[in-house]
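Engineer: Provided below for reference: sequence and predicted model.
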Amino acid sequence: MACALAGGIATLAAANDETSSAEQTLTYLYPLAPGSAILGFDQFDDHGGTRVLLEVQIEVDGAMQADITAENDTDLPAPDLSLGLTGVFVLDFEQLGVSDGFSEQFPTDGVGRSDGIPGSGPDFWDFGTVVLPTLALDSTTTDLDVFIGPDTVDAVVFATGGFSLSGASDTTLTVSNYLATGSVTVTYFFKRLPGACCFDDGSCSVGTETECTDAGGVYQGDGTACNPCPQPGACCLPDGTCDERLESACVEAGGLFQGEGSLCVDIACPGACCLDDGSCQFVTAAACDGLGGVYQGDGVACPAAACPQPGACC
């Protein structure tokens, strides 16, 4: 039975955000021969058209292997006893494909004539685990639509091979644990569409995320357009001063935002409002009147107001 283990999609962005890649690796293990496995790879996610697929690459790193022993069954020594292995490996992935044929010889140091005892003795040779590796790749930059979507694309791995002994007219060849094993990696190379970059002064430019971050802006996402960015406005700060900044920065500083596009020169910021219980609130003059307090002036901070504290009255 074929066995495949999935590895999660990993996205790796290039330093300049011009070209990025997303890859997935699946492993296979199945008995031979022949044998095959079907590996279902995730299609490329174009994130609603904001990522453009440029190239698809598939790579296999695997092997055919088996545990092999040989025994001379003749009355003559076999000084040139040798194991031969031939086979083929094929990987199909839509229009991509890898085919690797091989023919290898595994010599011995020679064995003696048969001693009549199977599985040991001077007539016996243990090759151990014989491994034939496969490392190959293929790629394409055309007809990429089949790789894009929310589903999977199948890669079919096939391998077969055969063994033979030479150097003796009569031998016993034992093969066990004959299997194909390895991994297949699919890599999607893509380009991100540039997006809008908003700055603290309300301006906007279009570029990559890295360009935006390096310039001190806030990236709005791949493929976004320069719709009006949040605009700065007057921010009345707790210390009684006024500064023009974005609403988010104003709130973070504990200030009161006066609206996008507002200017400090046109704004009467709240001030300290001393209440009868000695407490202070930073509110507008009208709000202070509504609280029954005494307004200390626009922009006056509560610490500077030094509101009088209540005491005993004789």
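Structural biologist: It's in. Residues are numbered from 1 along each chain as shown.

Engineer: any idea how far the nearest residue to Thr86 once chain neighbours are set aside is from Gly290?
Structural biologist: Among residues not flanking Thr86 along the chain, Ser103 sits closest, at 4.5 Å (Cβ to Cβ, 6 or more residues apart in numbering). All C-beta atoms are positioned from the backbone trio N, CA, C, and that covers glycine. According to Cβ to Cβ, to the nearest Å, Ser103 stands 96 Å off from Gly290.

Engineer: how does this structure divide into domains?
Structural biologist: 3-192, 194-229, 233-305 (automatic domain parsing).

Engineer: Gly311: which of the ones you listed is closest?
Structural biologist: Ranking these by distance to Gly311, with Cβ to Cβ as the measure, places domain 233-305 first at 9.2 Å.

Engineer: distance between stretch 283-298 and the chain's centre?
Structural biologist: 56 Å (Cα atoms, centre = their mean, to the nearest Å).

Engineer: Do me a favour and get the end-to-end distance for it?
Structural biologist: 9 Å (Cα to Cα, to the nearest Å).

Engineer: about what we covered before: just put the domains of the chain in a markdown table and tack on mean pLDDT.
Structural biologist: Formatted as a markdown table, these follow (pLDDT from 0 to 100):
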| stretch | mean pLDDT |
| --- | --- |
| domain 3-192 | 91 |
| domain 194-229 | 91 |
| domain 233-305 | 90 |
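
Engineer: follow-up on the earlier one: wait, the residue nearest to Thr86 touches Leu132, no?
Structural biologist: No - between Ser103 and Leu132 there is no contact under Cβ atoms under 8 Å: 9.7 Å.

Engineer: So for these two, which residue has more residues nearby?
Structural biologist: Leu132 (21 against 10; other Cβ atoms under 10 Å).

Engineer: Excluding chain neighbours, give the residue nearest to Asp277 in space.
Structural biologist: Distances taken as Cβ to Cβ, 6+ apart place Pro310 nearest to Asp277, at 6.3 Å, with adjacent residues excluded.

Engineer: Now name the helix or strand holding that neighbour.
Structural biologist: Assigned by DSSP states H and E, Pro310 belongs to no helix or strand.

Engineer: how about it, what does it touch?
Structural biologist: With contact set as Cβ atoms under 8 Å, 6 or more residues apart in numbering, Pro310 has these partners: 276-278.

Engineer: so who does Asp151 touch?
Structural biologist: Asp151 touches Gln43, counting by Cβ under 8 Å, 6+ apart.

Engineer: who does Asp100 bridge with?
Structural biologist: Phe89 (DSSP bridges).

Engineer: picking that back up, residues shared between the contacts of Ser103 and Leu132?
Structural biologist: Leu85.

Engineer: For stretch 173-186, buried residues please.
Structural biologist: 175, 178-186 (16 or more other Cβ atoms under 10 Å).

Engineer: repeat for stretch 70-79
Structural biologist: Buried residues in stretch 70-79 (16+ other Cβ under 10 Å): 70-73, 77-78.

Engineer: So Glu18 is in contact with Lys191, correct?
Structural biologist: Yes - applying Cβ under 8 Å, one finds Glu18 in contact with Lys191, separated by 6.7 Å.

Engineer: residue ranges of the strands in the stretch 51-200 of the chain, please?
Structural biologist: Here the stretch 51-200 of the chain has its strands, by DSSP state E, counting those that start in this stretch, at 51-72, 82-93, 96-107, 124-140, 152-166, 171-192, 195-198.

Engineer: and of those strands, who's closest to Gln43?
Structural biologist: strand 152-166 (5.8 Å).
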